[in-house]
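Engineer: Sharing a model prediction with you, sequence too.
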Amino acid sequence: MAPKPKSASSQPAPPPPLEDLFNTLNRHIQASAFDNVVKFTDQILAIAPDDEDALRCKVVALIKNDRVEDALSAIKSSRKQLDDFHFFKAYCLYRQNKLDEALESLKSQERNDETMLLECQILYRLGKMDACIEIYQKLQNSKIDNMEINSVAALVMAGRSSEVQGMLDSLRVKATSSFELAFNTACSLIARKKYTDAEQLLLSGRRIGQEVLMEDNLADDEIELELSPIAVQLAYVQQLLGRKQDAIEAYTDTIKRDMADESSIAVAVNNLVSLKGPKDVSDSLRKLDRLKDKESQSFRLAPSLDLKLSAKEKEAIYANRILLLLHANKIEQARELVSALPDMFPESVIPVLLQAALLVRENKAGRAEEILAQFANKFPEKSKVVHLARAQVAAAAGHPHIAADSLAKISDIQHMPATVATLVSLKERAGDIDGAAAVLDAATKWWSNAMTEDNKLKIIMQEAASFKLRHGKEEEAAQLYEELVKNQGSVEALVGLVTTVARMDVNKAELYEKQLKALPGLKGIDVDSLERTSGVKQVAAPRVGVSETYEEGKNKTKTKKKRKRKPRYPKGFDPANPGPPPDPERWLPKRERSTYRPKRKDKRAAQVRGSQGAVVRDKHDTGASSNTSHPKSNQGTSKGAGQNDAVSEQTKPSSKSSRKKSRK
């Protein structure tokens, strides 16, 4: 049987015209319906695979919809590579935190305002602030929105906060023109330690932000989310101003309410942990666990935080985590995290300092000194804090010579009084007296040539003279004291000079002694007679007119001496032959004495004796009858009977009150 011809309805419908597809695509773009934009660009590319507008719209829609991986796949799979695909690829790599690849992709793109701005963002994320600031300075004449906000942020991160106000003046922009700029400018004030001004600017920025965001009809939760960085920064300023309790409450409120972005919550958690210090370590570790990647067994920051936080912020979080682990005595976890930090922050000092702290905790001070010395030799420009740490570790470990050598390598603080005192003390402990004297001589020479208002020459020379006098160098000490007297006119130096010269030449010391001013009130005192006397007893002078009363009171106040009486012994006692000592338990009741043996009950007393049916009298009746028949004998034995009764009562169980009563 011949097959039936296919009907017209079973054939596929022809594609709609490209013009209609583009019109629909445009409506979805205007409505920001990016899923529909991708859907219609796919329909257009199915008809016209090389259409540049459709390709560009698809890639941009995927990026806008946070589908960065799909956008990169679309760029790589496209048969036609557009000129701006390198820019889109660089942006996608930047979003994936593949910063070096993103910077490489931008090199093949023509430099314009957009590419330069993206390059600034990549350099900022890489921590290359000087190169970032240089590009921003080239873009100052360009009309780019919010460029001053990013410029101020770069200056602050580069440690050039003092240039912020000059840049704002050159751009003719006020710090309160936007709440973002107020926030960044306040950060520059914090870096310059102007905490009160920073607090006022942050409060102004929060007020401006609330007004602007309310005009945009944002909900209260969204406004609070947008202004959460300002709230956390305000708490940080309160912490710096010493209002720690206010800062703790603000951090805790931000964390509990969870009404902030991820980076602000991370900063709040880190600052709260650092503020609490070693108190409640377990709670601080739990708070930091909130920031970790849930899929990682060890402590690693969540991917979203790893993208948003700066290198310094991430380093601070990891460092606090390690310090808490050391306080909690979790050495294995601390060792694992310390070993991962050098790869994360290869040029930072913090990882090597934490490694040294871990080694010290493990009683490996020698190894800690070794790795600190290696880092200082490898990075001499960052060696100052490393040398200080090595000196501290060596001094605590009892290696004063290593500590002194480490301090001596920090040239810019050698002349400071604190450094000089520390070096002298360390060299004295190491037995290097000549080296300690050389340190004092070098410091004296430096301050002699220094042209500063706050000159420390007097202090250094005074300590140097005291040191040399202490170690038997009287001549050098006398020279220093003499120079101090001539140049400074110091009374303390003159006293020291007299004391020092008196050991070598008494006549010369007397000449110097004449320069000392006489103390007031000592003109009528004969020093020679004072030296001959052994001392004078201090006696209160009697009041005028009451001499007799005073004498009587004086006699009464005298303590009477007690006569020693001979001990009185009992009759017949010979102290030369006292005999055996008395029983130490004689004051205890009999039942509490070690020799006490309770009487056993007579079991035979209960036995019936005599013939069956005979009446047996108990002892009480018998005793009563005997007492009746012999009254005189009863009187004579009443005392003994009482004692027997007391003994019989003591054999019964009793309370503590009854026992105390029996002792009486």
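Structural biologist: Sure, I can see it. Residues are numbered from 1 along each chain as shown.

Engineer: Now residue 316: closest residue in space, sequence neighbours ignored.
Structural biologist: On the basis of C-beta to C-beta, 6 or more residues apart in numbering, the spatially nearest residue to residue 316 that is not a chain neighbour turns out to be residue 270, at 5.8 Å. From N, CA and C alone the C-beta is placed, and that goes for glycine too.

Engineer: Can you work out which other helices and strands pack against whichever strand or helix holds that neighbour?
Structural biologist: When secondary structure is defined using DSSP states H and E, the element that contains residue 270 is helix 262-276. Helix 262-276 makes packing contacts with helix 228-240, helix 244-257, helix 281-289, helix 303-308, helix 311-327 when contacts are defined by 3 or more C-beta pairs under 8 Å, 6 or more residues apart in numbering; DSSP states H and E.

Engineer: For that helix, give me every contacting residue.
Structural biologist: With contact meaning C-beta atoms under 8 Å, 6 or more residues apart in numbering, helix 262-276 is reached by 228-229, 231-232, 235-236, 239, 244, 247-248, 251-252, 254-255, 258, 260, 284, 287-288, 290-291, 301-302, 304-305, 308-309, 313, 316-317, 320, 324.

Engineer: Just the buried residues out of these, in ChimeraX syntax.
Structural biologist: Buried residues within those, by 16 or more other C-beta atoms under 10 Å, are selected in ChimeraX with:
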select :228,229,231,232,235,236,239,247,248,251,254,255,260,284,287,288,291,301,302,305,308,309,316,317,320,324
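
Engineer: so how far is residue 334 from the residue nearest the centre of the chain?
Structural biologist: With distances taken as C-alpha atoms, centre = their mean, residue 277 lies nearest the centre of the chain, 4.1 Å away. Look at residue 277 and residue 334: by C-beta to C-beta, to the nearest Å, they are 17 Å apart.

Engineer: Residue 460 now?
Structural biologist: From residue 460 across to residue 334, the span is 42 Å (C-beta to C-beta).

Engineer: Kindly report the same for residue 64.
Structural biologist: In this structure, residue 64 and residue 334 are 43 Å apart, going by C-beta to C-beta.

Engineer: who's more crowded, the two?
Structural biologist: residue 334 (24 against 14; other C-beta atoms under 10 Å).

Engineer: show me the contacts for the more buried one.
Structural biologist: Taking C-beta under 8 Å, 6+ apart, one finds 322, 325, 326, 358 in contact with residue 334.

Engineer: Quick check: the farthest pair among the residues you listed?
Structural biologist: By the measure C-beta to C-beta, 325 and 358 form the most distant pair in the contacts of residue 334, at 9.2 Å.

Engineer: Give me the common contacts of the two.
Structural biologist: Here residue 325 and residue 358 share the contacting residues 331, 334, scored by C-beta under 8 Å, 6+ apart.

Engineer: which one of these two has more residues nearby?
Structural biologist: Each of residue 325 and residue 358 had its neighbours counted (other C-beta under 10 Å), and the higher figure belongs to residue 325 (23 against 20).

Engineer: mind listing the strands in the chain by residue range?
Structural biologist: Remark: strands of the chain are absent; assignment by DSSP state E.

Engineer: And the closest residue to residue 288 other than its chain neighbours, how close does it get to residue 256?
Structural biologist: The shortest distance from residue 288 to any residue that is not its chain neighbour, by C-beta to C-beta, 6+ apart, is 5.5 Å, and that residue is residue 321. Counting by C-beta to C-beta, the gap from residue 321 to residue 256 is 21 Å.

Engineer: now residue 40
Structural biologist: From residue 40 across to residue 256, the span is 45 Å (C-beta to C-beta).

Engineer: the more surrounded of these two?
Structural biologist: Counting neighbours by other C-beta under 10 Å for residue 40 and for residue 256 shows that residue 40 has the greater number, 23 against 8.

Engineer: Verify the stated contact: that one with residue 27.
Structural biologist: No - the pair formed by residue 40 and residue 27 falls short of the contact definition of C-beta atoms under 8 Å, at 9.5 Å.

Engineer: And the protein, split by domain according to the record?
Structural biologist: The record's domain split for the chain, according to the TED database, is 18-151, 433-516.

Engineer: end to end, how far does the first one reach?
Structural biologist: For domain 18-151, the separation between the terminal residues is 45 Å (C-alpha to C-alpha, to the nearest Å).

Engineer: Rounded mean pLDDT for stretch 432-441, please.
Structural biologist: Averaging pLDDT along stretch 432-441 gives 89.

Engineer: wait, doesn't residue 228 sit right on residue 258?
Structural biologist: No - taking contacts as C-beta under 8 Å, residue 228 lies outside contact range of residue 258: 10.1 Å.

Engineer: and the longest helix for the chain?
Structural biologist: Looking only at the chain and at elements set by DSSP state H, the helix with the highest residue count is helix 195-215.

Engineer: elements contacting it?
Structural biologist: Using 3+ C-beta pairs under 8 Å, 6+ apart as the contact definition, the elements that helix 195-215 packs against are helix 179-191, helix 220-226, helix 228-240.

Engineer: got the buried residues for that helix?
Structural biologist: Within helix 195-215, the residues that count as buried by 16+ other C-beta under 10 Å are 195, 198, 199, 201, 202, 205, 206, 208, 209, 210, 213.

Engineer: Relative to residue 412, which of those is nearest.
Structural biologist: Proximity of those to residue 412 (C-beta to C-beta) peaks at residue 195, which lies at 27.0 Å.

Engineer: OK, contacts around that closest one?
Structural biologist: For residue 195, the contact set (C-beta under 8 Å, 6+ apart) comprises 189, 237, 240, 241.

Engineer: Which pLDDT value belongs to the closest residue to the third one other than its chain neighbours?
Structural biologist: Spatial nearest neighbour of residue 240, excluding adjacent residues (C-beta to C-beta, 6+ apart): residue 195 at 5.0 Å. Among the per-residue scores, residue 195 holds a pLDDT of 94.

Engineer: ok, now how distant is residue 195 from residue 247?
Structural biologist: Separation of residue 195 from residue 247 (C-beta to C-beta) stands at 12 Å.

Engineer: Could you do residue 394 as well?
Structural biologist: If you go by C-beta to C-beta, the gap between residue 394 and residue 247 works out to 36 Å.

Engineer: same check, this time on residue 144
Structural biologist: For residue 144, the distance to residue 247 (C-beta to C-beta) stands at 36 Å.

Engineer: Check residue 212 too.
Structural biologist: 27 Å.

Engineer: and if you look at residue 200?
Structural biologist: Residue 200 sits 17 Å away from residue 247 when distances are taken as C-beta to C-beta.

Engineer: Pull the contacting residues for the closest residue in space to residue 424 that isn't next to it in sequence.
Structural biologist: Closest residue in space to residue 424, ignoring its immediate chain neighbours: residue 436 at 4.5 Å, by C-beta to C-beta, 6+ apart. Listed by C-beta under 8 Å, 6+ apart, the contact set of residue 436 reads 423, 424, 427, 428, 467.

Engineer: ok, 6 Å please
Structural biologist: For residue 436, the contacting residues are 424, 427, 428, taking C-beta atoms under 6 Å, 6 or more residues apart in numbering as the criterion.

Engineer: Just the pLDDT at the second one, thanks.
Structural biologist: Put plainly, it is residue 427. If you check residue 427, the pLDDT there is 90.

Engineer: again, but for the first one
Structural biologist: The confidence metric pLDDT takes the value 90 at residue 424.

Engineer: Could you identify which of the helices and strands packed on helix 195-215 is most buried?
Structural biologist: Across the helices and strands packed on helix 195-215, averaging neighbours per residue (mean count of other C-beta atoms under 10 Å) puts helix 179-191 on top, at a mean of 23.

Engineer: Residue 367 and residue 496: what is the separation?
Structural biologist: Following C-beta to C-beta, the distance that separates residue 367 from residue 496 is 46 Å.

Engineer: Would you mind telling me which of those two has more residues around it?
Structural biologist: Applying other C-beta under 10 Å to residue 367 and residue 496 shows that residue 496 carries more neighbours, namely 22 against 14.

Engineer: I'd say that one and residue 481 touch.
Structural biologist: Yes - assessed by C-beta atoms under 6 Å, residue 496 is found in contact with residue 481 at 4.7 Å.
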